[in-house]
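# Can you look at this prediction? I've put the sequence above it.
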Amino acid sequence: MKLIGARRLTAATALCLALGTLAHAQPAAVGTATPADKPWLRSVRINVADFDKSVAFYTKVVGLGLAVPSGTEEGYKMAVFTPSGKYTQGESLMVIGWDAKRTRPIDPEAIGWLSFYVPDVDAAVARVKAAGYAVTREPGPVDPNARLRVAIVKDPDGYKIELMNFKISPPPP
């Protein structure tokens, strides 16, 4: 865990903060830091097997904006996503890469998960199911008294994706 201000954060929460998806939970020091005065997470990159399928998953299913459409080098493609779809200094990025020569491994078990705050977990899971991807944890509270609702799904390459929001969950039956 990493200590930011007075908060202890898991790696997944730190990623969400870096992506700007948990703005309401963001400590002032993180929100006001610039690359010149404090360390910050600039990007997270995953390698994928099917570039176009992954771009569609992260834009249409998760809801990220495509900030930099696919840049192509010899046998390699890359796309950059941000919550807003615009690239600005200080906004962290998610990058996917596709390597035709397979010199970069695809290993979804190499990371625990990617975590995204979404406005409506149930709607996001419905999009995941409609697109034909696996749901490994249906939407629900983390514990009976929690306001945090979480679902876990898998992207086209099997990376675990945590979808979460802070809406009040209905009481358990």
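Structure received.
# Sketch out the helices for this protein, chain order is fine.
In the chain, the segments counted as helices under DSSP state H are 11-19, 28-32, 51-56, 121-130.
# Quick check: closest non-adjacent residue to residue 59.
Spatial nearest neighbour of residue 59, excluding adjacent residues (CB to CB, 6 or more residues apart in numbering): residue 66 at 5.5 Å. Every residue, glycine included, has its C-beta placed from N, CA and C.
# does that neighbour really touch residue 60, like I thought?
No. Between residue 66 and residue 60 there is no contact under CB atoms under 8 Å: 10.4 Å.
# which residues touch residue 48?
By CB atoms under 8 Å, 6 or more residues apart in numbering, the contact set of residue 48 is 54, 96, 97, 98, 106, 156, 157.
# In strands, which of those residues appear?
Using DSSP state E, 96, 97, 98 are the members of the contacts of residue 48 that sit in strands.
# Residue 47: what's it in contact with?
By CB under 8 Å, 6+ apart, the residues touching residue 47 are 96, 97, 98, 99, 104, 105, 106, 157.
# Okay, it and residue 78: tell me how far apart.
Separation of residue 47 from residue 78 (CB to CB, to the nearest Å): 10 Å.
# Could you do residue 109 as well?
For residue 109, the distance to residue 78 equals 22 Å [CB to CB].
# More neighbours: these two, which one.
Between residue 109 and residue 78, residue 78 has the larger neighbour count (other CB atoms under 10 Å), namely 17 against 8.
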